[in-house]
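Colleague: Fold the following.
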Amino acid sequence: MMNKNKFKMMIPIIVAIIVFSGFIIYALINTGTKTPLTCEQFDTIVNDLGYETINTTNEYNDFGDAFISSRRIDSDDFRFEYFEFNDSSSATSLYSGIYTEIIGKRSLHDIEYSDYYKNYRHYALESNGKYYSIIYVGNTATYAECDAEHKNKVLDILTEMDYRPDKK
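Modeller: Residues are numbered from 1 along each chain as shown. From the prediction side, this is the model:
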């Protein structure tokens with residue numbers, strides 16, 4: 001039989017185990033996958049937001065057999081491109097190439113953001129008055145660039161697409 005003093009000493013350990021278990025469960029629940037969109041789904045979302053899309057598939061024929069389709073949003077305020085592949089390795093390869101270009105734009109006093117889990121990775125940089133964002137979700141990739149003052153327009157599109165990391 002356990003005496004009261006030993007039981008009182010174990011209470012903080014039990015509480016710590018419960019709290020730690022709660023963090024683990026939250027992390028497991030919060031790291032699900034995102035659903036990749038087809039270019040047609042992307043068109044619908046963007047059109048519903050009042051933007052026009054341009055089919056840019058022919059501009060990227062050199063992407064190879066894994067490339068399916070691409071779109072660009074027609075806007076004077078920002079550049080936003082969307083790419084769909086038939087495999088995730090092509091999307092991650094495009095992400096890596098653009099990521100390398102973006103980090104070359106870093107300078108002092110930048111704001112950087114990075115997030116990833118399962119089938120998703122996002123990197124964003126705000127530097128010298130410009131905002132850059134690269135994301136891949138499964139077999140798709142997005143790239144956006146704009147003046148920092150228009151960043152929220154890009155973030156609104158990503159939110160509607162469910163591609164924004166802080167809006168799971």
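
Colleague: Contacts for the helix or strand hosting residue 40, please.
Modeller: Assigned by DSSP states H and E, residue 40 belongs to helix 39-48. With Cβ atoms under 8 Å, 6 or more residues apart in numbering as the test, helix 39-48 has contacts from 37, 52-53, 55, 68-71, 73, 82, 84, 157, 160-161. Every C-beta, even on glycine, is put in place using the N, C-alpha and C of the backbone.

Colleague: Return the member of those residues nearest to residue 18.
Modeller: Closest approach between the contacts of helix 39-48 and residue 18, by Cβ to Cβ: residue 161, at 37.1 Å.

Colleague: which residues sit in contact with residue 144?
Modeller: Contacts of residue 144 by Cβ under 8 Å, 6+ apart are 78, 79, 80, 81, 131, 132, 133, 134, 154, 157, 158.

Colleague: Bridged to it, which residues?
Modeller: residue 80, residue 133 (DSSP bridges).

Colleague: Would you check how far apart it and residue 82 are?
Modeller: Counting by Cβ to Cβ, to the nearest Å, the gap from residue 144 to residue 82 is 9 Å.

Colleague: How about residue 164?
Modeller: 14 Å.

Colleague: now swap in residue 63 and tell me
Modeller: For residue 63, the distance to residue 82 equals 13 Å [Cβ to Cβ].

Colleague: In terms of neighbours, single out the busier of these two.
Modeller: residue 82 (28 against 16; other Cβ atoms under 10 Å).

Colleague: So what pairs up with the residue nearest the centre of the chain in the strands?
Modeller: Central residue of the chain (Cα atoms, centre = their mean): residue 122, 3.6 Å from the mean position. For residue 122, the beta-bridge partners under DSSP bridges are residue 115, residue 135.

Colleague: Can you get me a residue count around residue 142?
Modeller: Neighbour tally, residue 142, other Cβ under 10 Å: 26.

Colleague: can you check the one 4 residues further on too?
Modeller: The local packing count at residue 146 equals 19, with neighbours defined by other Cβ under 10 Å.

Colleague: what distance separates the helix or strand hosting it from the middle of the whole chain?
Modeller: Using DSSP H and E, residue 146 sits in strand 140-147. Mean-position distance between strand 140-147 and its chain equals 10 Å (Cα atoms, centre = their mean, to the nearest Å).
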